[in-house]
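Enquirer: I'll drop the sequence and a predicted model, then ask my questions.
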Amino acid sequence: MANAMKPDAAEPLRSLPEVYASIRVPEGAGFWRRLFAFVGPGWLVAVGYMDPGNWATDIAGGSAFGYTLLSVILLSNLMAIVLQALSARLGIGAGLDLAQACRRQYSRPVSLVLWVLCEIAIIACDLAEVLGTAIALKLLFGLPLVAGVCVTAVDVFLILALQRYGFRRLEAFVAALLIVIAGCFAFELAWAGPDWAAAAAGLIPSTEIVSNPLMLYIAIGILGATVMPHNLYLHSAIVQTRAVGKGLAEKRDALKMATIDSTVSLGLAFFINAAILVLAAATFHVAGRTEVAEIEEAHQLLAPMLGVGAASAVFAIALLASGQNSTVTGTLAGQIVMEGFLELRLPMWLRRMITRGLAIIPAVAGVLIAGDSGATQLLVLSQVVLSLQLPFAVLPLVAFTGSRRLMGSMAAPRWLIALAWGIAAVIVLLNGWMLWGLMTGVGA
């Protein structure tokens, strides 16, 4: 891919022009006021690390192997923190989102291939959101899955209504839903009463993870479901909603604040992903129910096994909030990718309906053909598609942020780029292994 790089082009259109530099950063203010001005993009990014696609792998890992795979969630989260920091650096330092950078730095054929791959990944991500929301509606209200899938088409109007009130309101909505999800799992964990000493031990990597083929397979699945490619495009664009000065000192301060924002937010994402796995371990694994791997099955078993009738309802509410949050960020990522790669502007409602329509069609078909069990299979398929696209987002990001020609004085230091290349290599190898396992039946 690096051989296809071309000289810088003319100044591109701005990312999300309707909200670009729309949030003022107070000049000369203290640390906390400046930080508050930058809080928000990290919350939107964190959504992608706890969407419905993560739930199945976390539930399967906890029920099958107890707390052992908590170390994998921790490792995946640390990788995500580094990559999202690089994404923010690209947006602030170069004034480009990742899609725009690909369009400027690569030849037209290469950038078009990257655009197609990214659009497929966004549709796959939207598919997980559709199915997660539909499953939640079924669990809460008894709505058939097909009907629930169709109801998700109305989500576009929610997004449009929120954006009318400014980007800050959109960020506040997402943050509120994240707090709901975290609160739900705090209650679930209190009811489950996990073995916290064993959970703490699970944060330390075990050699069994690589020696046990099935455990390794689920571990790779957790990684594949955690690091989301569309988040790298999203973060590099939404950090530009802050009105940052052109000076080097101002950019460096903005990068520090944006990195703190994303790191703290991803800490919340770690808590939620870990809570799902801990809940499955404390409820199912200790009772010998090591085969629980589906969201609906987990929902049905929670109330009788915990002895709390509200446990299942709280679980479903968290799932619904997760699906709605992912809808918001998926919409923004779709707009960023289309505008960045093609410099093509579409009305938000049209862009949303196209993406959601392409997700609804396979979701309805899968449920009609395979029944309700088809929903889980489609969730797994969506994660496979995301795994395929991930290297094509990570590798350009690391290359761009290490380039002084593109980034100038804001280029990442050598130690950070070396760490990022190591992370990229791990992601490529592990996702390749997971895909090989799916094709050959390893771990099935």
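Expert: That came through, no problem. Numbers count the residues shown, from 1 in each chain.

Enquirer: For M50, give me phi and psi.
Expert: As for M50, its main-chain torsions (degrees, to the nearest 10) stand at phi -140, psi 30.

Enquirer: can you count the residues close to it?
Expert: Residues near M50, counting by other Cβ atoms under 10 Å, number 30. Bear in mind the C-beta positions are built from the backbone N, C-alpha and C, glycine included.

Enquirer: how near is it to A37?
Expert: 25 Å (Cβ to Cβ, to the nearest Å).

Enquirer: What ranges does this protein have for its strands?
Expert: 23-24, 242-243 (DSSP state E).

Enquirer: Out of those, which one sits most buried?
Expert: strand 242-243 (a mean of 18; mean count of other Cβ atoms under 10 Å).

Enquirer: possible to save the strands of the chain as CSV with distance to L232?
Expert: Shown next, in CSV, are the strands of the chain (distance: least, Cβ to Cβ, whole Å):
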stretch, distance to L232
strand 23-24, 21
strand 242-243, 18
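
Enquirer: Quick check: which of these is nearest to L75?
Expert: strand 242-243 (30.3 Å; Cβ to Cβ).

Enquirer: Tell me the strands beside the closest one, with direction?
Expert: strand 23-24 (parallel) (DSSP bridges).

Enquirer: hmm, back to that, closest one to Y233 among the strands of the chain?
Expert: So among the strands of the chain, strand 242-243 is nearest, using Cβ to Cβ, at 17.6 Å.

Enquirer: Can you give the contact residues for that closest one?
Expert: A21, S22, I23, R24, V25, A37, F38, A254, A258 (Cβ atoms under 8 Å, 6 or more residues apart in numbering).

Enquirer: Minimum pLDDT in those, which residue is that?
Expert: Sorting these by confidence puts A21 at the bottom, with a pLDDT of 84.

Enquirer: Next one, pLDDT for the closest residue to it other than its chain neighbours please.
Expert: Sequence neighbours aside, A243 is the residue nearest to A21 in space, at 4.2 Å (criterion: Cβ to Cβ, 6 or more residues apart in numbering). If you check A243, the pLDDT there is 90.

Enquirer: so A243 bridges to which residues?
Expert: The residues that A243 bridges to, once DSSP bridges is applied, are R24.

Enquirer: Need the single longest helix in this structure, by residues.
Expert: The single longest helix within the chain, with elements called by DSSP state H, is helix 248-283.

Enquirer: What residues of that helix count as buried?
Expert: Across helix 248-283, burial judged by 16 or more other Cβ atoms under 10 Å covers 251, 253-263, 265-266, 268-283.

Enquirer: Could you report the distance from the residue nearest to A21 to E343?
Expert: 23 Å.

Enquirer: Against A124, how distant is S326?
Expert: In terms of Cβ to Cβ, S326 sits 12 Å off from A124.

Enquirer: Could you do A101 as well?
Expert: 23 Å.

Enquirer: Return the helix or strand in the protein with minimum mean pLDDT.
Expert: Within the chain, no helix or strand scores below helix 155-163, which has a mean of 68 by mean pLDDT, DSSP states H and E.

Enquirer: and F400, how many neighbours?
Expert: F400, neighbours per other Cβ under 10 Å, totals 27.

Enquirer: List the contacts of it.
Expert: So F400 contacts L90, A94, L98, A101, Q105, L406, M407 (Cβ under 8 Å, 6+ apart).

Enquirer: of all these, which two lie farthest apart?
Expert: Farthest pair in the contacts of F400 (Cβ to Cβ) is L98 and M407. Separation: 13.0 Å.

Enquirer: Hmm, V130 is touching C150, no?
Expert: No. Assessed by Cβ atoms under 8 Å, V130 is found out of contact with C150, at 9.6 Å.

Enquirer: quick one on the thing from earlier: and the contacts of strand 242-243, which is closest to Q84?
Expert: Once Cβ to Cβ is applied, the member of the contacts of strand 242-243 that ends up nearest Q84 is A258, at 9.2 Å.

Enquirer: Could I get the pLDDT score of the residue nearest to the closest one when sequence neighbours are not counted?
Expert: Excluding the flanking residues, the one nearest A258 by Cβ to Cβ, 6+ apart is A88, at 4.2 Å. Note on A88: pLDDT of 96.

Enquirer: Repeat that for V116.
Expert: 90.

Enquirer: repeat for V367
Expert: pLDDT, V367: 69.

Enquirer: go on, the one 5 residues further on?
Expert: pLDDT, the model's per-residue confidence, is 64 for D372.

Enquirer: The closest residue to Q300 other than its chain neighbours: what's it in contact with?
Expert: Nearest in space to Q300, with sequence neighbours left out and distances taken as Cβ to Cβ, 6+ apart, is S312 at 7.1 Å. Applying Cβ under 8 Å, 6+ apart to S312 gives the contacts L139, H299, Q300, L302, A303.

Enquirer: Which of the residues you listed fall in helices?
Expert: Using DSSP H, the contacts of S312 in helices are L139, H299, Q300, L302, A303.

Enquirer: got a winner among these for most neighbours?
Expert: Neighbour-wise, those (other Cβ under 10 Å) top out at L302, 25 neighbours.

Enquirer: quick one: that residue and A280 touch, right?
Expert: No. Using Cβ under 8 Å, L302 makes no contact with A280, being 9.7 Å away.

Enquirer: Where does the prediction get shaky in the stretch 51-200 of the chain?
Expert: Scanning the stretch 51-200 of the chain for pLDDT under 70 picks out the ranges 53, 155-160, 163.

Enquirer: Sketch out the helices for the stretch 51-200 of the chain, chain order is fine.
Expert: 52-65, 70-89, 98-105, 108-141, 145-151, 155-163, 167-192, 196-202 (DSSP state H, counting those that start in this stretch).

Enquirer: how far away is the residue nearest the centre of the chain from D97?
Expert: By Cα atoms, centre = their mean, the chain has its centre lying nearest to G48, at 1.9 Å. For G48, the distance to D97 (Cβ to Cβ) stands at 15 Å.

Enquirer: low pLDDT regions in the stretch 251-400 of the chain?
Expert: Scanning the stretch 251-400 of the chain for pLDDT under 70 picks out 308, 348, 351-352, 355-356, 359, 363, 366-367, 370-377, 380-381, 383-384.
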